[in-house]
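**Student:** can you look at this prediction? I've put the sequence above it.
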Amino acid sequence: MLTFAISIILLVFGYLIYGKFIEKVFEPNDTRRTPAYENSDGVDYVPMNKHKNALIQLLNIAGTGPIFGPIMGALFGPVAFIWIVVGSIFAGAVHDYLTGMISIRNRGAHIPELAGKFLGAVSKHIVNVFALLLLLLVGTVFVTTPASLLAILLNGKVAVGILITIIFIYYFLSTILPIDKIIGRFYPIFGAVLLLGTLGVGVTLLFSDYTIPELSLANMHPENVPIFPILFFTITCGALSGFHATQSPIISRTVEKESEGRYVFYGMMIAEAVIAMIWAAAAMSLLDGQTLNEMINSGTPSAVVNEVSMTLLGAVGGTLAVLGAIVLPITSGDTAFRAARSIIADYIKMDQKKVGKRLLIALPLFAVSALLTQIDFNILWRYFSWANQATAGIALWIATMYLYIKGKKYIVSLVPAIFITYMVFVYILSEKIGFNLDLNVSFIAGIPMMVIFIIWFFRKAKSNKANKIETDIVVD
């Protein structure tokens, strides 16, 4: 209980203190016209107020990640709380804020375009593949997980295949229609359901007879899965997630003033961390490690969400909480496809004002995703986790380059960039989906790989600074 309370307090102070510090490092300027006005097109570039932008950003970034990830991370025990708190304040929120603000300064550019500008042309092509792979995996995972939750909620009365089709139809419409037609109108309703359900679980847990475990550094995973690096690929949304780097540029195109960035980008990452804390604490409190592991392995964490919700809140309140858990992936899946459409359009330089051109990109995307739904969830999640954190590392290196060139305190993004990139190297070296090397060998082999990358990065940074590369696009 004490650990949980202190964690929530630290997250709030993280926003108020460290978030303010990061804002001062970046120096937002409200005299600059934002892309919402500079590039206004009535489709993707549409000015919206900061509260609506913040809610959309939260629902965009908070898919099943801050629920499913923390539930699976709960297997490690209370040590997971450390990663959620420290990761979100010093890595995830910094990542989201800088990605969003740098995108604003570059006319709403997506992550591949920013990679090309700051890391080189080759990086642009590599990141484009990474980003699209990540978004397709996210879109697919966030079709299957809400469908499985709905199937449980409806007691199997509606086939999962039918539910997947319905969700796909909604995603398709959200992808091709102007952002304020569906996303801007329905998200306030979705947000209310999410917040009521999550707060219901959190408040009820605090006043229940269940005991939230206190902090322990011990690895409590029933299968003895190593904390390093697996924890950082299990809890991504809620701590640090590269998926957010694909979502922040969507909102960078609708922000009215740069000073709103801390609230919209940094603040909503902290809000997502609070959601992650609640579900991690609930899973640890209601279920022992072995039972939790068996429930997850029997299918997906959907069963755990249902069990926790119904146990704490009863039939009516539990249903609301499950609906909140359904809202999260749906409101990330729709923008995953929307972001993928925008990235491809930017890459091939295809204007998106006409619906026909939007369809040319969207239809093949949904066809590929439909095929991916036939793959086992656990396999999809493993690839998603690796692609996700690799993208987070890339986004943090872009942010570090930007701050370095401008002569600002780049260490704020450099430290988390080094950490997560090293974890990515160790993960791909040691995991079966990678090279399947011994974990100790992977830790050692990852060091020279990291050193080589850092040397390359700073050589590139010095070259960029010497050539006075333009960090911010000049607006009229």
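**Tutor:** Perfect, I can see it now.
**Student:** so Leu149 touches Gly324, yeah?
**Tutor:** No. Taking C-beta atoms under 8 Å as the definition, Leu149 is not a contact partner of Gly324, at 10.2 Å. C-betas here are computed from N, CA, C, even on glycine.
**Student:** low-confidence ranges, the stretch 151-300 of the chain, go.
**Tutor:** Filtered on pLDDT under 70, the stretch 151-300 of the chain yields the residue ranges 299-300.
**Student:** low-confidence regions, the stretch 1-150 of the chain specifically.
**Tutor:** Applying pLDDT under 70 to the stretch 1-150 of the chain flags residues 63-64.
**Student:** how many other residues sit next to the closest residue to Phe90 other than its chain neighbours?
**Tutor:** Distance criterion C-beta to C-beta, 6 or more residues apart in numbering; nearest residue to Phe90, sequence neighbours excluded, is Pro416 at 6.2 Å. Using other C-beta atoms under 10 Å, Pro416 is surrounded by 23 other residues.
**Student:** Ile452 versus Pro416, what's the distance?
**Tutor:** According to C-beta to C-beta, to the nearest Å, Pro416 stands 19 Å off from Ile452.
**Student:** go on, Val12?
**Tutor:** With C-beta to C-beta as the criterion, Val12 and Ile452 are 40 Å apart.
**Student:** now swap in Ala192 and tell me
**Tutor:** Distance of Ala192 to Ile452, computed by C-beta to C-beta: 49 Å.
**Student:** out of the two, which sits in the busier spot?
**Tutor:** Neighbour totals were compared for Ala192 and Ile452, and Ala192 leads with 13 against 10 (other C-beta under 10 Å).
**Student:** how about the secondary structure of the more buried one?
**Tutor:** Secondary structure assignment for Ala192 (DSSP: H, G, I helix; E, B strand; the rest coil): helix.
**Student:** how about Asn224?
**Tutor:** Per three-state DSSP, the local secondary structure of Asn224 is coil.
**Student:** would you list the phi and psi of it?
**Tutor:** Per-residue torsions, Asn224: phi 60, psi 40 (degrees, to the nearest 10).
**Student:** from Ser298, how far out is it?
**Tutor:** Asn224 is 20 Å from Ser298, where distance means C-beta to C-beta.
**Student:** need the longest helix for the protein.
**Tutor:** helix 302-348 (DSSP state H).
**Student:** right, and the helix or strand after that helix?
**Tutor:** Remark: after helix 302-348, the chain's next helix or strand is helix 355-372, criterion DSSP states H and E.
**Student:** same question for that following helix: list its buried residues.
**Tutor:** Neighbour-count burial for helix 355-372, counted by 16 or more other C-beta atoms under 10 Å, picks out Arg358, Leu360, Ile361, Ala362, Leu365, Phe366, Ser369.
**Student:** tell me the contacts of the third one?
**Tutor:** By C-beta atoms under 8 Å, 6 or more residues apart in numbering, the contact set of Ile361 is Arg341, Ile344, Ala345, Met350.
**Student:** and those, which are buried?
**Tutor:** If you count burial by 16+ other C-beta under 10 Å, the buried members of the contacts of Ile361 come out as Arg341, Ile344, Ala345.
**Student:** reformat the residues you listed as a markdown table; add distance to Phe172 and pLDDT.
**Tutor:** Converted to a markdown table, those look like this (distance: C-beta to C-beta, whole Å; pLDDT from 0 to 100):
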| residue | distance to Phe172 | pLDDT |
| --- | --- | --- |
| Arg341 | 11 | 93 |
| Ile344 | 15 | 92 |
| Ala345 | 16 | 92 |
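**Student:** quick one: those as CSV, columns for distance to Leu136 too.
**Tutor:** CSV is the format used below for the buried ones among the contacts of Ile361 (distance: C-beta to C-beta, whole Å):
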residue, distance to Leu136
Arg341, 12
Ile344, 11
Ala345, 16
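**Student:** ok, so of those residues, who is nearest Val308?
**Tutor:** Of all the buried ones among the contacts of Ile361, Val308 sits closest to Arg341, with 35.1 Å by C-beta to C-beta.
**Student:** of the contacts of Ile361, which pair is most distant in space?
**Tutor:** Maximum pairwise distance among those (C-beta to C-beta): 9.8 Å, between Arg341 and Met350.
**Student:** for the nearest residue to Gly202 once chain neighbours are set aside, what are its contacts?
**Tutor:** In space, Gly202 comes closest to Ile278 once its chain neighbours are excluded; the distance is 4.1 Å by C-beta to C-beta, 6+ apart. Ile278 makes contact with Thr198, Val201, Gly202, Leu205, according to C-beta under 8 Å, 6+ apart.
**Student:** looking at the residues you listed, which are in strands?
**Tutor:** Per DSSP state E, strands hold no members of the contacts of Ile278.
**Student:** most surrounded residue in those residues?
**Tutor:** Counting by other C-beta under 10 Å, top hit in those: Val201 with 28 neighbours.
**Student:** test my guess that that one contacts Leu313.
**Tutor:** Yes. With contacts counted by C-beta under 8 Å, Val201 reaches Leu313, the gap being 6.8 Å.
**Student:** what do these two both touch?
**Tutor:** Taking C-beta under 8 Å, 6+ apart as the contact rule, Val201 and Leu313 both touch Ala321.
**Student:** now the phi/psi pair for Tyr410, please.
**Tutor:** According to degrees, to the nearest 10, Tyr410 has phi -70, psi -10.
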